[in-house]
Each structure stands twice: as structure tokens, then as C-alpha cells.
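> Got a predicted structure here, sequence first:
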Amino acid sequence: MHVQEWLDTVPAAAVYAVVGLVIGLESLGIPLPGEIILVSAALLSSQHGGVNPVILGACATAGAVIGDSIGYAIGRRGGRPLLAWLGKKFPRHFGEAHVATAERSFTKWGMWAVFFGRFIALLRIFAGPLAGVLHMPYWKFLIANVLGGIAWAGGTTAVIYYVGVVAEDWLKRFSWVGLIVAVLIGATSMLLLKRRAKKTETVPAPEAETP
């Protein structure tokens, strides 16, 4: 919620730039909350006319693809010493156990690990650098990278945007329904009170007893 409130205070161009930059840095291998930023921005676009969901999805996709490609180049040049250095700097994300898990996934699934890695937080950080370290052919990596970036960034933007639109529309309808129900309850209670008052008036008062 704090991320969305902050994004709401900046111009639309800054929202696009922040989303593309954060997702690009995360895809490069820096542990940043790219998914949180994207979801918050997509939800904002459903409530804010100034933020275009198509441009937002395009910026997120571009950041994902470019960041992964840079990560691939760095991983290919740096090799395993780079992973060891990252493990010392970011043990929670690049520890030996995490690297081993990601490496097994790449060895078993290949291109699919890059594609589906977009949808898994740990592999999203590892995908580019690890593919470079393992010397995956660049054309295979590029195809999986582009398709995965479009599916994850574009798909997430579209889904969250339409969920936000439907939710806002539902809440508006709910407010009208609530108002109508409140009016009906108020009118019904007034009628019941009037009927009781009339019955009370028609019932004769008991005569006072003579001493």
C-alpha cells in the first residue's frame, strides 16, 4: 500500500521509468521487489487515468528483457567466481543452497527454466546471470527471455489492471446497493412505527377506578 501511495504522487512518466528500472535491476541479479512495484503500478493504472496500462506493460517487459540480457552477459564473463562473490554479498539470495537449486532447475529444464523463472521470485533474480555462467546458447536464452518477459510483465499488468477495474466497478455497485438497502430499511422502519402509533391511539385507555 505504501508503494502504491508513493507511485500515486509522481507523474505517469516517472511511474513507467521506476517500474522499468526496478524490474530491470531485479532481472540483472539485484534482489529488488520488482513484482510488488509492477502489481502496485498496474493497480494504480486501473484507478488513475494518467497511467496507461499498455505503456506500463511495455516498460515492464522492456525492463525485464534488457535486465536479463545484461545479467546474462555479466554471468558469462564473470563465471562462477561471480556467484561466489554474490553469495558473500547477498547470502539470503545467492547462498550455496539457492544457487544449487537454481542450477538443478536450469540443467533439467533449460530454456523453460528461463521462461518459467519469470514467475518465481528466486529464479527471476538468477535467470540471467546463471544462464550466462552455464553458457546457455544466447539464441535459446533470448527466445525464452523475450517470451517470458512478455508473459510475466504483460500478463501481470493486464490481469491486475482488469481485476482493479472490476473491483472498483463492483465497489461502486455495492455502494449503490447499500444506499438502496439503507433507504428501504429506513422507510420500512418508519411505516412500522406509524402503524404501531396508530394502534396505540385506537386502543381505548383504561378507566380510572373509583375509590
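Yep, that arrived.
> use CA for all of it now, contacts and neighbours both
Will do.
> Just want the most central residue of this protein.
Centroid-nearest residue in the chain, with Cα atoms, centre = their mean: Val39, separated by 2.2 Å.
> packing partners for whatever helix or strand it lives in?
Per DSSP states H and E, Val39 falls inside helix 34-47. Judged by 3 or more Cα pairs under 8 Å, 6 or more residues apart in numbering; DSSP states H and E, helix 34-47 is in contact with helix 2-7, helix 12-28, helix 53-89, helix 155-202.
> repeat that with 10 Å
helix 2-7, helix 12-28, helix 53-89, helix 121-133, helix 155-202 (3 or more Cα pairs under 10 Å, 6 or more residues apart in numbering; DSSP states H and E).
> Give me the buried stretch members for that helix, please.
For helix 34-47, a neighbour-count test (16 or more other Cα atoms under 10 Å) marks 34-35, 37-46 as buried.
> Relative to Val15, which of those residues is nearest.
Nearest to Val15 among the buried residues of helix 34-47 is Ala41, at 7.1 Å by Cα to Cα.
> where's that closest one relative to Asp8, distance?
9 Å (Cα to Cα, to the nearest Å).
> try Lys88
In terms of Cα to Cα, Lys88 sits 37 Å off from Asp8.
> how much space between Ile74 and Gly148?
20 Å.
> Compare the two (neighbour count), which wins?
The neighbour count for Ile74 versus Gly148, taken as other Cα atoms under 10 Å, is higher for Gly148 (25 against 19).
> In space, what's closest to the more buried one - neighbours in sequence excluded?
Phe115 (4.4 Å; Cα to Cα, 6 or more residues apart in numbering).
> got the contact list for that neighbour?
By Cα atoms under 10 Å, 6 or more residues apart in numbering, the contact list for Phe115 reads 109, 123-124, 127, 141-152.
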